[in-house]
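Asker: mind folding the following:
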Amino acid sequence: MIVLDAGVVIALFTPGDVHHERAKRVIADGPGPFLMHSLTVAETLVGAARVGREAEMWRTLRGLDIDVVAMGADEPLLLAGLRARHALTMPETCVLAAAVHLNAPLVTFDERLGVVADGMALRAALRPEGE
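Answerer: Presented below is the predicted three-dimensional model:
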């Protein structure tokens with residue numbers, strides 16, 4: 001099980017993205033299921049929503065074994081605590097909260113979130129570029 005940041009999924013569907021090949025490897029090599037916070041999924045679907053294709057994109061994501069993390073009633077407490085401690089944006093905090101809640105590794109291409117995840121031993125190890 002791996003928690004995904006929006007940037008990973010966006011890169012997966014954007015061939016010109018600098019992280020496109022890495023994103024493809026994450027999905028191909030990852031143990032799945034892949035999980036995302038609901039806010040992270042919404043962030044991922046914005047581009048598709050601009051052209052009226054968000055439902056189609058969501059079906060595609062589900063076909064890749066990507067689902068939403070069920071966070072529970074105490075989610076606001078977890079989000080508030082993580083955001084206060086790490087000064088991340090709320091979207092970054094949501095990714096981190098999902099990983100903390102599940103005690104699962106996360107994949108992000110965001111350096112700031114990655115540093116926090118590293119400090120909490122929550123960042124998934126990825127193969128280096130070119131391997």
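Asker: what segments of the chain are strands?
Answerer: 2-4, 34-36, 66-68, 106-107 (DSSP state E).
Asker: now tabulate these in TSV and tack on mean pLDDT.
Answerer: Converted to TSV, the strands of the chain look like this (pLDDT from 0 to 100):
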stretch	mean pLDDT
strand 2-4	97
strand 34-36	97
strand 66-68	95
strand 106-107	96
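Asker: and the ones you listed: which comes nearest residue 113?
Answerer: Residue 113 lies closest, by Cβ to Cβ, to one member of the strands of the chain: strand 106-107, at 7.9 Å. All C-beta spots, glycine's among them, are computed from the backbone N, C-alpha and C.
Asker: run through the neighbouring helices and strands of that closest one.
Answerer: If contacts are counted by 3 or more Cβ pairs under 8 Å, 6 or more residues apart in numbering; DSSP states H and E, strand 106-107 sits against strand 2-4, helix 90-102.
Asker: looking at the strands of the chain, spot the one closest to residue 88.
Answerer: Per Cβ to Cβ, nearest to residue 88 of the strands of the chain: strand 106-107, 12.2 Å.
Asker: run through who's touching that closest one.
Answerer: If you take Cβ atoms under 8 Å, 6 or more residues apart in numbering as the criterion, strand 106-107 is touched by 2-5, 8, 26, 30, 95-96, 98-99, 113, 117, 122-124, 126.
Asker: how about stretch 38-45?
Answerer: Stretch 38-45 is contacted by residues 4-6, 9-10, 36, 54, 57-58, 61, 66, 68-69, 90-91, 94-95, 98 when judged by Cβ under 8 Å, 6+ apart.
Asker: swap in stretch 73-87?
Answerer: 71, 88, 90, 93-94, 96-97, 100-101, 116.
Asker: dump those residues into a markdown table; add pLDDT as well.
Answerer: A markdown table is the format used below for the contacts of stretch 73-87 (pLDDT from 0 to 100):
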| residue | pLDDT |
| --- | --- |
| 71 | 92 |
| 88 | 96 |
| 90 | 96 |
| 93 | 97 |
| 94 | 97 |
| 96 | 98 |
| 97 | 97 |
| 100 | 97 |
| 101 | 96 |
| 116 | 97 |
